[in-house]
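In: Predicted model, plus sequence, below.
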Amino acid sequence: MTTAARCPVAHLDLVDPDTFASGLPFEAFATLRDQAPVCWHDQPGSWGDGFWVVTRLEDVRTVSRTPEVFSSYARGALLTLGNEADEELALAMTRQLMLNMDPPEHGAYRQIVQRAFNPRTIRGLEGRLQEFADDIVDRALAKGAGDFVQDVAAELPLLAICELVGVPADQRKAVFELSNRMIGFDDPELGGSAAEAEVAMAEMFGMAHALAQDKHARPARSPDADLISTLLQADTGQGALTPDQFAIFFVLLMVAGNETTRNAITHGMQAFFEHPEQWELFKAERPLETAAEEIIRWASPIIQFQRTALTDYELGGQQIKAEDRVVIYYSAANRDERSLLDPDTFDISRVDNEHVAFGGGGPHFCLGANLARAEVRILFDTIARRMPAIAPLAAPRPLRSNFVHGIKELQVRYA
């Protein structure tokens, strides 16, 4: 077992989802950044019996941009939760996810869909996003009050990614429910078990296979018509995607394109409730670009990702050994006072906003960053224009998860 500086915060368990049940442990993260920015966290029974915790922004960037040292493939990008034997079984499937690939394989798969998310493509989609946003706000206003998460925040990302991928309208609600069950397996209200998450994944696999069969029966006129057509006609360099590879790709796109932006939007609305002067500024001046970037930084929807060292490497004054796991905490790095001016202040006019909410650069920089920014800009502009008096009716209810910084319910008055 690695011997190193232990994390200096007593009883801090970053594996236990209860640590995050009432929000992120910002005070603990600040202590780690200050006293032990790279420190060892015990996790008995797991691979290596623990992992390194990385909390400073520059160190997160270093890990992200050095895939030849810090591998997503070796032990997967999701924090190891079970014992070594259980993890080996899970890795056999999850290594087929682009999330868990290293270059050059990762680049070959990413190239298949990258064009669908480039700035030019997203600009062409903005008119459709505005139509979606107006319809979402129309329906919310008609209700008068309700859960902002389901009524507003979840709707635009879901409609946008389904539109891009090519999921029929009558199946979009099922995508929302399945992704909730897959991501919310640590929260009893949203599934409550890893077994239930596996069932939800199997159901989404079945949806993917059915959509593929339908597309084969009725092919699009152009392979670029939607991402299902693109994937079915793709060549990775080793031939076409297998049915299971297609299904895995589909699941990643649907969950990543839905959950993260939904939570960024919800946290953004809550931030405006907590900082009403910023809401007034937004309504008066509409700093759309800087506001979207600050909302995404503030939310940091993904708390962390895991990497595994392939060689010995010194990071933040600590000697990482080959095969050690390293967990990079984006939510901690995005409050790093060494890299960001006054990071604990929500400031929609912030210009120098070099956050890592989309990842710290490198091959795994968020594929959907341009789409997420457009969704946040358009939706908040529409909310400010159509329902400027939106107000909270109850405190937000956080998601119980050590992976997703989520809000599962936010009751509001729309008008």
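Out: Received, thanks. This structure is a prediction, so every number in the text was calculated from the model and none was measured.

In: Neighbours of Ala292, how many?
Out: Counted with other C-beta atoms under 10 Å, residues neighbouring Ala292 total 23. C-beta: built from backbone N, CA, C; applies to glycine.

In: Repeat that for Val351.
Out: Residues lying near Val351 (other C-beta under 10 Å) number 11.

In: Go ahead and confirm it touches Glu289.
Out: No - the pair Val351 / Glu289 is not scored as a contact, 9.6 Å apart, by C-beta atoms under 8 Å.

In: tell me, what residue is most central in the protein?
Out: Thr260 (3.9 Å; C-alpha atoms, centre = their mean).

In: Flag every buried residue along the helix or strand harbouring that residue.
Out: Element membership for Thr260, per DSSP states H and E: helix 243-274. Under the neighbour-count criterion of 16 or more other C-beta atoms under 10 Å, helix 243-274 has 245-273 buried.

In: before we move on, what about stretch 126-136?
Out: Of the residues in stretch 126-136, those buried (16+ other C-beta under 10 Å) are 129, 132-133, 136.

In: Without its sequence neighbours, what residue ends up closest to the residue nearest to the centre of the chain?
Out: Nearest non-adjacent residue to Thr260, counting by C-beta to C-beta, 6 or more residues apart in numbering: Pro301, 4.3 Å away.

In: go on, Ala21?
Out: Of all residues not flanking Ala21 in the chain, Arg400 sits nearest, at 4.5 Å (C-beta to C-beta, 6+ apart).

In: same deal with Leu252?
Out: Leu97 (5.6 Å).

In: so the helix or strand hosting Ala195 versus helix 243-274, what angle?
Out: Using DSSP H and E, Ala195 sits in helix 194-217. For helix 194-217 against helix 243-274, the angle by axes from the mean of the first three to the mean of the last three C-alpha atoms, to 10 degrees is 120 degrees.

In: any chance of the buried residues of stretch 126-136 in TSV, plus distance to Val9?
Out: Converted to TSV, the buried residues of stretch 126-136 look like this (distance: C-beta to C-beta, whole Å):
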residue	distance to Val9
Leu129	42
Phe132	43
Ala133	41
Ile136	41
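
In: What pLDDT does the model give Pro17?
Out: With respect to pLDDT, Pro17 scores 94.

In: ok, it touching Pro398?
Out: No - when contacts are counted by C-beta under 8 Å, Pro17 is not listed as touching Pro398 (10.5 Å).

In: isn't Glu68 right next to Ala309, touching?
Out: No - using C-beta under 8 Å, Glu68 makes no contact with Ala309, being 10.7 Å away.

In: Could you check which of those two has the larger neighbour count?
Out: Between Glu68 and Ala309, counting by other C-beta under 10 Å, Ala309 is the more crowded of the two (23 against 10).

In: Spit out the contact partners of the residue nearest to Leu252.
Out: By C-beta atoms under 8 Å, 6 or more residues apart in numbering, Leu97 lies in contact with 248, 251-252.

In: Show me where the stretch 251-400 of the chain has its helices.
Out: Along the stretch 251-400 of the chain, the segments classed as helices by DSSP state H, counting those that start in this stretch run 276-285, 288-299, 330-333, 369-386.

In: Out of these, flag the one nearest Gly317.
Out: Gly317 lies closest to helix 330-333 among the helices of the stretch 251-400 of the chain, at 16.6 Å (C-beta to C-beta).

In: From Leu288, how far out is His71?
Out: Heads up, residue 71 is Ser, not His. According to C-beta to C-beta, to the nearest Å, Ser71 and Leu288 sit 38 Å apart.

In: Which one of the two is surrounded by more residues?
Out: Higher neighbour count among Ser71 and Leu288: Ser71, with 22 against 18, using other C-beta under 10 Å.

In: how about low-confidence regions in this protein?
Out: 1-4, 82-86, 89, 93, 185-186, 190-192, 220-224 (pLDDT under 70).

In: Let's see that with 50 instead.
Out: Applying pLDDT under 50 to the chain flags the ranges 1-2.

In: domain parsing for it?
Out: The chain breaks down into these domains under automatic domain parsing: 1-66+69-102+303-356, 106-298+360-415.

In: all strands of this structure, in order?
Out: 38-42, 50-54, 70-71, 145-147, 304-309, 313-315, 318-320, 325-329, 391-392, 397-398, 407-409, 411-413 (DSSP state E).

In: Centre of the chain to the last one, how far?
Out: A distance of 25 Å separates the centroid of the chain from that of strand 411-413, by C-alpha atoms, centre = their mean, to the nearest Å.

In: swap in the second one?
Out: Relative to its parent chain, strand 50-54 has a centroid offset of 20 Å by C-alpha atoms, centre = their mean.

In: Sheet partners, orientation included, of it?
Out: Paired with strand 50-54 in the same sheet, following DSSP bridges, are strand 38-42 (antiparallel), strand 325-329 (parallel).
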